[in-house]
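K.L.:
Next input, structure requested:
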Amino acid sequence: MELVAKAIETTGIVEAHRRLLLDESLPVAKKTRVRVIVLVTADNEHTTPLSHESLEPLTPAMRLAAAIYGYQRSEISQEKAAELAGLNRRYFLLALAREKYDVFAVDFNDLKKELTRG
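P.N.:
Numbering: from 1, shown residues only. Below is the predicted model of the structure:
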């Protein structure tokens, strides 16, 4: 499986000739090959739910990257992310650790609320 050195999130538009025009420059210092995953959104929203149908044409490495992305943004649960990646939960957790991502995505505002409730 190919390791991802850096993930960069940005937005953009697909122009008439199917060219992707990014809203901002990428912070990449030199010419390098990249893998691009395009999440097409409905109604000009910036995110769309991840589903089996949207990930079906992707390679296993790309499915894992999309699942990690959704999990890290708290858009999907750990269980759903593992399912989308085609892994059981244990192997998804191991993949998170191997790729050096947080195993437990924590929303610190939610954590503060929980702690104040005692």
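
K.L.:
where does Leu21 land in three-state SS?
P.N.:
For Leu21, the assignment made with DSSP: H, G, I helix; E, B strand; the rest coil gives strand.

K.L.:
could you check the distance from it over to Arg89?
P.N.:
38 Å (C-beta to C-beta, to the nearest Å). Where you see a C-beta, it was placed from the backbone N, CA and C, and this is true even at glycine.

K.L.:
So for those two, which residue has more residues nearby?
P.N.:
A direct count of neighbours by other C-beta atoms under 10 Å for Leu21 and Arg89 places Arg89 higher, at 13 against 8.

K.L.:
Spatially nearest residue to the residue positioned nearest the centre of the chain (excluding sequence neighbours)?
P.N.:
Nearest to the geometric centre of the chain sits Tyr69, at 1.8 Å (C-alpha atoms, centre = their mean). Computed as C-beta to C-beta, 6 or more residues apart in numbering, the closest residue to Tyr69 that is not its neighbour in sequence is Ala7, at 6.9 Å.

K.L.:
again with Glu79
P.N.:
Arg89 is the one closest to Glu79 (C-beta to C-beta, 6+ apart), at 6.1 Å.

K.L.:
If you average pLDDT per helix and strand, which one of this protein comes out bottom?
P.N.:
Using mean pLDDT, DSSP states H and E, helix 52-55 stands out as the lowest-scoring helix or strand of the chain, at a mean of 58.

K.L.:
What is the helix or strand that that helix is followed by packed up against?
P.N.:
Downstream of helix 52-55, the first helix or strand assigned by DSSP states H and E is helix 60-72. Other helices and strands packing on helix 60-72, by 3 or more C-beta pairs under 8 Å, 6 or more residues apart in numbering; DSSP states H and E, are helix 52-55, helix 78-85, helix 89-98.
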